[in-house]
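>>> Mind looking at a prediction? Sequence and model below.
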Amino acid sequence: MLGLALLLPVLTWPQAVGCALLALLFSLFILPRLDAGFGVVPDSRLPTPDSPPKGGATTAWMGIVTYSASVLLLILLYRHSLYVAAAVWAIVALGDGLAGVAGQALDGPALRYNAGKSWSGFATFVAAGTLGAYLLTMWVKWSPASLGSRQVLLVSAATALVGAVVESLPAGVTRLDDNFTVPIVCGAFMFCAYLVERSALDSNLPYLGRRIILAVAINLAFALAALALRTITRSGAIAGFLLGVMVYLGWGWKSFLLLLAFFVLGSAATRLGYNTKAARGIAERRGGARSWREAVANLLPGAFFSILVITTHHERAFLVALVAAFAEAAGDTVSSEIGQWRSARAYLITSFKPVQAGENGAVSLAGSLAGLAAAAAVVALGFALGLCGIAGAAVALGAAIAGNLLDSLLGATIERRGLVSNGAVNFAGTGFAGATALALLLSR
């Protein structure tokens with residue numbers, strides 16, 4: 001299917017969408033009726049839609065369908081940046097494909113965080129993905145003239161590295177097909193990476209020296225204090241410190257106050273009614289202390305947007321995305337904790353079926369109102385600090401609410417089925433809130 005990407009320079013956007021849609025329909029309805037030879041099933045007949053494949057065949061067939069759907073989604077999302085769609089397409093096809101081959105052929109030491117993946121496969125993913133993304137970007141030639149070959153190579157390498165990390169995540173984080181997770185994450189990362197300009201960073205260099213010193217000192221003090229108060233674990237303190245430094249670099253103490261507001265609201269909501277939640281068996285483990293997983297899930301999108309504030313000429317858009325990300329994180333944490341405390345009964349967001357409070361995808365009136373108030377409080381703080389105007393605050397609040405809804409929907413569907421962890425769902429909600437705000441502002 002990668003061969004279709006070679007036609008992008010001569011196809012209009014509607015034609016590209018049509019070809020990708022036809023490929024998806026072929027994977028769904030035609031491929032299962034063809035003879036073997038596609039490597040989908042070990043026997044001589046592929047299953048039909050009326051008799052779906054089983055076991056490993058199901059995984060292979062669904063992988064093909066997911067791959068086709070991801071290509072279509074990339075073309076739809078990056079209509080005006082098809083070079084991004086083409087490059088990520090190459091990363092998925094070449095990086096992911098050759099990583100499995102190299103991992104089996106070369107073997108070698110396993111990744112420390114996932115024994116099922118090897119360093120040889122990881123390195124092959126990065127190398128093949130970088131080369132494929134670079135060559136296909138230069139072939140498509142739909143990229144702006146301002147993009148030089150060196151920039152394309154650097155962005156391709158960085159995106160391939162991100163893709164390798166996502167592809168190698170252990171099953172405890174996500175069991176979703178990496179033909180879906182890799183394109184979504186890599187596409188968003190590459191789009192933002194192409195907005196980075198040296199002139200933007202140069203204009204902020206006079207302030208960064210002092211800001212770095214303050215960022216390290218302030219975050220170290222807060223990490224040690226939180227560790228002493230047992231609101232975070234040791235791993236949470238380390239991750240929080242690193243991500244907090246990144247957040248501080250964006251807009252100094254003002255952007256850091258957003259992180260602090262999220263932390264205070266979330267910690268307070270966790271402590272409220274903790275004994276009641278513990279008696280119901282739904283309280284946070286470790287006395288509510290957050291680990292590195294919670295820190296990364298809730299802070300990484302905001303830290304990413306914060307760095308882009310000082311490395312692009314779209315600082316106002318990324319500031320709103322930063323506010324939206326922390327507002328979503330605060331709203332999600334507070335709604336969950338208050339809902340579990342004040343409501344013994346909640347309702348599944350997909351069917352409104354009564355379920356016990358604390359179940360994945362469950363919502364309650366008390367929790368929803370508390371979450372909305374927390375998100376609004378963070379947005380109001382961002383407005384008061386001058387990080388966003390009235391219009392930006394409205395966008396940030398709307399994006400935060402959308403992120404909270406997505407979080408609940410994912411919890412009620414794929415998390416309940418054990419396909420992703422709670423941390424992955426939280427990361428998706430926070431990232432979606434920031435991306436939604438960014439998309440609304442950059443499309444103007």
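Thanks, I have the structure now.

>>> count of residues packed around the closest residue to Asn422 other than its chain neighbours?
The shortest distance from Asn422 to any non-neighbouring residue, by C-beta to C-beta, 6 or more residues apart in numbering, is to Glu415 (6.5 Å). For every residue, glycine as well, the C-beta is placed using N, CA and C. Residues lying near Glu415 (other C-beta atoms under 10 Å) number 22.

>>> which ones are touching Glu415?
Taking C-beta atoms under 8 Å, 6 or more residues apart in numbering as the criterion, Glu415 is in contact with 360-361, 421-422, 424-425.

>>> ok, so of those, who is nearest Ala115?
Ser421 (17.6 Å; C-beta to C-beta).

>>> and the closest one, backbone torsions?
When read as degrees, to the nearest 10, the backbone of Ser421 gives phi -90, psi 170.

>>> tally of neighbours for it?
When neighbours are defined as other C-beta under 10 Å, Ser421 has 19 of them.

>>> That one is in contact with Thr174, isn't it?
Yes. Between Ser421 and Thr174 there is a contact at 6.8 Å, judged by C-beta atoms under 8 Å.

>>> any idea how far the nearest residue to Trp341 once chain neighbours are set aside lies from Ser343?
The shortest distance from Trp341 to any non-neighbouring residue, by C-beta to C-beta, 6+ apart, is to Gly273 (3.3 Å). To Ser343, Gly273 is 11 Å away according to C-beta to C-beta, to the nearest Å.

>>> remind me which residues of this protein are low pLDDT?
Where the chain drops to pLDDT under 70, the residues are 34-61, 141-146, 280-288, 444.

>>> quick check: domain ranges of it?
As assigned by automatic domain parsing, the chain contains the domains 2-193, 206-442.

>>> Save these as TSV, and put in distance to Ser199 too.
Formatted as TSV, these follow (distance: least, C-beta to C-beta, whole Å):
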stretch	distance to Ser199
domain 2-193	11
domain 206-442	8
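
>>> Deepest-packed of these, please.
Across these, averaging neighbours per residue (mean count of other C-beta atoms under 10 Å) puts domain 206-442 on top, at a mean of 21.

>>> Just the endpoints, please. Distance across that domain?
27 Å (C-alpha to C-alpha, to the nearest Å).

>>> Please apply the same query to stretch 161-180.
16 Å.

>>> Off-centre distance for it?
11 Å (C-alpha atoms, centre = their mean, to the nearest Å).

>>> What lies in contact with it?
Under the criterion C-beta under 8 Å, 6+ apart, residues 62-63, 66-67, 69-70, 88, 91-92, 95-96, 99, 111, 113-114, 116-117, 121-122, 125-126, 129, 181-182, 185-186, 189, 414, 418-421, 423-424 lie in contact with stretch 161-180.

>>> Would you double-check that Ala237 falls in a helix?
Yes. Assessed by DSSP: H, G, I helix; E, B strand; the rest coil, Ala237 belongs to a helix.

>>> and Leu72, what is it in contact with?
Contacts of Leu72 by C-beta under 8 Å, 6+ apart are 17, 20-21, 23-24.

>>> tell me which of those is nearest to Ile349?
Leu24 (27.7 Å).

>>> any idea how far the closest one lies from Thr413?
21 Å.

>>> who does the helix ranked longest in the chain touch, helix- and strand-wise?
Determined from DSSP state H, the single longest helix within the chain is helix 198-228. On a contact count with 3 or more C-beta pairs under 8 Å, 6 or more residues apart in numbering; DSSP states H and E, helix 198-228 meets helix 234-251, helix 253-271, helix 292-311.

>>> Select, out of those helices, the one closest to Leu220.
Nearest to Leu220, of all the helices and strands packed on helix 198-228, is helix 234-251, at 6.2 Å by C-beta to C-beta.

>>> now the angle from that closest one to helix 253-271?
Going by axes from the mean of the first three to the mean of the last three C-alpha atoms, to 10 degrees, helix 234-251 is angled at 150 degrees with respect to helix 253-271.
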